[in-house]
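> okay, here's the prediction I keep looking at, along with the sequence it came from:
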Amino acid sequence: MSTAFRSHDHWQDKAACRSPQVTVLFYPPYSPEPKSERIARESYAKAICKGCTVSDECLKYALDIDEPHGIWGGKTELERKKLKLTQAIR
């Protein structure tokens, strides 16, 4: 969505991951990533999410749009899939 149409209090404007230097932690690199580096990158990104004031809104958004990539609201792609399956069973 264009920022011209968003309200000034949109949750994305308050996200702790907004800076380009931090955003790269939330998505895997284009080249193969060793497991140890992936775990470290994801752990660091999740720590940022834990301190974020809008992580619940972020996770809800990712679940609502079935976001297939990255860490959103402190959850990886696989964790979000499992969460959706758990919610569907209830």
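Arrived safely, thanks for sending.
> what about E79, distance to A47?
15 Å (CB to CB, to the nearest Å). C-beta coordinates here come from the backbone N, C-alpha and C atoms, glycine included.
> alpha carbons of the helix of greatest length in the chain, as PDB, please.
Determined from DSSP state H, the single longest helix within the chain is helix 35-50. Extracted C-alpha coordinates of helix 35-50, given in PDB (Å, rounded to 0.1, in the frame of the first residue of the first chain):
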ATOM      1  CA  LYS A  35      22.100 -23.600   9.100                       C
ATOM      2  CA  SER A  36      24.100 -22.000  12.000                       C
ATOM      3  CA  GLU A  37      23.900 -18.600  10.300                       C
ATOM      4  CA  ARG A  38      20.100 -19.000   9.600                       C
ATOM      5  CA  ILE A  39      19.500 -19.900  13.300                       C
ATOM      6  CA  ALA A  40      21.600 -16.900  14.400                       C
ATOM      7  CA  ARG A  41      19.900 -14.500  12.000                       C
ATOM      8  CA  GLU A  42      16.400 -15.700  12.900                       C
ATOM      9  CA  SER A  43      17.100 -15.500  16.600                       C
ATOM     10  CA  TYR A  44      18.300 -12.000  16.300                       C
ATOM     11  CA  ALA A  45      15.300 -11.000  14.200                       C
ATOM     12  CA  LYS A  46      12.900 -12.700  16.800                       C
ATOM     13  CA  ALA A  47      14.600 -10.700  19.600                       C
ATOM     14  CA  ILE A  48      13.800  -7.500  17.700                       C
ATOM     15  CA  CYS A  49      10.200  -8.700  17.400                       C
ATOM     16  CA  LYS A  50      10.000  -9.400  21.200                       C
END
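> flag every buried residue along it.
Using 16 or more other CB atoms under 10 Å as the test for burial, helix 35-50 gives R41, E42, A45, K46, I48, C49.
> which one of the residues you listed is nearest G70?
Using CB to CB, A45 comes nearest to G70 of these, at 8.5 Å.
> give me every residue that touches that closest one.
A45 is in contact with C17, L25, F26, I71, counting by CB atoms under 8 Å, 6 or more residues apart in numbering.
> whichever of the residues you listed end up buried, select them in ChimeraX.
This is the ChimeraX syntax for the buried subset of these, where burial follows 16+ other CB under 10 Å:
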select :17,25,26,71
